[in-house]
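**Student:** mind folding the following:
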Amino acid sequence: MAQTNMLAMILAGGRGSRLHELTNKVAKPAVSYGGKYRIIDFPLSNCANSGIDIVGVLTQYESVLLNSYVAAGGRWGLDTKDSGVFVLTPREKADSGLDVYRGTADAISQNIDFIDAYDPEYLLVLSGDHIYKMNYDKMLRHHKEQKADATIAVRSVPMKEASRFGIMNTDGEGRIIEFEEKPAKPKSNLASMGIYIFTWKTLRKLLVEDMKNPDSSHDFGNDIIPVMLGDGKKLCAYEFSGYWKDVGTIDSLWEANMDLLDSDNELNLDDTSWKIYTEDSGIVPQYIAASAKIDGAYINQGAAVGGSVSRSVIFTNCKIAPGAKVIDSVLMPGAIVEEGAVVTRALVAENVRIGKNAKVGDKKSEEILLVAKNVKGED
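**Tutor:** As a prediction, this is how the structure comes out:
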């Protein structure tokens with residue numbers, strides 16, 4: 001098989017437990033976002049737009065829906081003779097007897113044969129659960145120019161939030177000299193985005209050695225990156241300044257959706273020069289009744305609005321009855337708000353029904369309310 005310049009591997013096996021009921025039956029990368037998208041659409045679209053032809057998607061937790069979704073590579077134009085999206089599942093057994101990836105590095109190690117079949121010069125490793133647009137080809141050019149063994153995408157975060165992230169400390173020229181995993185007292189605010197480019201031959205050797213180490217957690221941040229630094233390998237930071245959101249909590253998922261209401265939103269899902277591709281569902285257009293009152297809303301196709309919507313994001317096939325109010329909220333696909341019901345500062349899960357005259361959420365609440373079960377209203 002001819003050599004591939006750079007092959008991508010998307011780590012999409014995480015449970016996303018902080019999203020609570022939203023990930024009870026689906027993997028985090030398959031969670032809906034922005035009305036008609038799924039989170040996995042973003043790294044896959046970035047790969048397609050960056051000219052990467054071969055993409056492996058490594059799935060594990062509640063993977064049935066995600067596997068069938070990503071297997072349709074045509075959504076992202078990755079279904080030609082020389083391109084494709086491949087679902088890769090774990091082969092190693094845990095103590096429970098279930099197949100598992102023991103860590104992020106182990107996920108790549110278990111698929112060395114798949115990668116070797118394409119003989120790539122470089123390997124791109126991505127988290128499958130972040131929302132952002134990035135040209136990976138530009139990052140690759142930076143990697144080549146620096147003659148690096150590994151390049152890690154980083155983004156500046158507020159210093160008060162830096163302890164939530166893996167932090168890359170660099171010298172004055174962008175070379176990484178230290179990695180700290182969620183430090184209590186961070187030395188910098190350069191957060192790892194979970195996006196890596198490795199020179200494949202260098203990484204392959206390290207992975208083989210890591211598999212033999214019984215004391216390793218088989219993780220990039222905890223094991224591979226520290227070993228590379230200890231061995232004197234050249235690791236470089238690639239600073240990214242665009243929109244990026246780790247939607248690992250209910251509040252952050254709500255915030256990422258609400259960002260779409262900002263006219264200066266950096267993500268800009270209408271940008272034709274860097275499209276985010278998704279499933280073509282063939283749904284009918286939105287319907288806004290004469291009784292509806294709309295104030296700063298993002299309303300998707302298939303939605304029917306008869307009530308009041310203020311600063312909210314309404315996904316496909318949602319129904320908002322006359323007299324109902326939706327305020328500062330996100331309604332996921334198929335959610336229904338019946339007559340007289342009021343939804344405030346909430347994220348309503350897929351196909352959940354808010355009954356007649358029911359009230360959920362509180363405008364004074366600091367946290368966003370997840371409504372994951374039907375709410376009974378008046379008979």
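
**Student:** can you map out the strands along the stretch 1-150 of the chain?
**Tutor:** 6-12, 32-33, 37-38, 54-59, 84-88, 122-127, 130-132, 150-156 (DSSP state E, counting those that start in this stretch).

**Student:** mind showing which ranges of the stretch 101-250 of the chain have poor pLDDT?
**Tutor:** The stretch 101-250 of the chain contains no residues with pLDDT under 70.

**Student:** quick one: the helices in the chain?
**Tutor:** 41-49, 64-70, 104-109, 112-118, 136-146, 200-211, 225-230, 250-258 (DSSP state H).

**Student:** same for the fifth one, what does it pack against?
**Tutor:** Spelled out, it's helix 136-146. For helix 136-146, the packing partners by 3 or more C-beta pairs under 8 Å, 6 or more residues apart in numbering; DSSP states H and E come out as strand 6-12, strand 122-127, strand 150-156, strand 190-199, strand 235-239. Using the backbone N, CA and C atoms, a C-beta is placed for each residue, glycine as well.

**Student:** can you list contacts of it?
**Tutor:** Defining contact as C-beta atoms under 8 Å, 6 or more residues apart in numbering, one finds that helix 136-146 is touched by 6, 8, 46-47, 50-52, 122, 124, 151, 153, 174, 195, 197, 199, 234, 236, 238.

**Student:** follow-up on the earlier one: next, format the helices of the chain as CSV and append distance to Ile283.
**Tutor:** Formatted as CSV, the helices of the chain follow (distance: least, C-beta to C-beta, whole Å):
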stretch, distance to Ile283
helix 41-49, 16
helix 64-70, 17
helix 104-109, 35
helix 112-118, 35
helix 136-146, 31
helix 200-211, 42
helix 225-230, 44
helix 250-258, 18
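
**Student:** nearest to Val348, of those helices?
**Tutor:** Nearest to Val348 among these is helix 250-258; the distance by C-beta to C-beta comes to 10.5 Å.

**Student:** now for that closest one, which elements pack on it?
**Tutor:** Helix 250-258 packs on strand 32-33, strand 244-246, strand 330-331, strand 346-348, going by 3+ C-beta pairs under 8 Å, 6+ apart.

**Student:** worst average pLDDT in those?
**Tutor:** Of all the helices and strands packed on helix 250-258, the minimum mean pLDDT falls on strand 244-246 (a mean of 90).

**Student:** so in that sheet, which strands flank that strand, and in what orientation?
**Tutor:** Here strand 244-246 is paired, per DSSP bridges, with strand 130-132 (antiparallel).

**Student:** show me the contacts for the residue positioned nearest the centre of the chain.
**Tutor:** Centroid-nearest residue in the chain, with C-alpha atoms, centre = their mean: Asp129, separated by 2.1 Å. Asp129 makes contact with 12, 14, 16, 28-29, 39-40, 246-248 under the criterion C-beta under 8 Å, 6+ apart.

**Student:** got it, and Gly302?
**Tutor:** 281, 283-286, 316-318.

**Student:** again, only using 6 Å
**Tutor:** Gly302 makes contact with 283-284, 316-317, according to C-beta atoms under 6 Å, 6 or more residues apart in numbering.

**Student:** with Leu260 instead?
**Tutor:** Neighbours of Leu260 in contact, by C-beta under 6 Å, 6+ apart: 34, 298.

**Student:** rewinding a little: could the strands of the stretch 1-150 of the chain go into a markdown table alongside distance to Leu369 and mean neighbour count?
**Tutor:** Listed next are the strands of the stretch 1-150 of the chain as a markdown table, based on distance: least, C-beta to C-beta, whole Å; neighbours: other C-beta atoms under 10 Å:
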| stretch | distance to Leu369 | mean neighbour count |
| --- | --- | --- |
| strand 6-12 | 28 | 25 |
| strand 32-33 | 18 | 23 |
| strand 37-38 | 23 | 20 |
| strand 54-59 | 30 | 25 |
| strand 84-88 | 35 | 19 |
| strand 122-127 | 27 | 23 |
| strand 130-132 | 21 | 21 |
| strand 150-156 | 29 | 23 |
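
**Student:** Tyr277: which of those strands is closest?
**Tutor:** strand 37-38 (9.0 Å).

**Student:** what's the closest one in contact with?
**Tutor:** 30, 32, 278.
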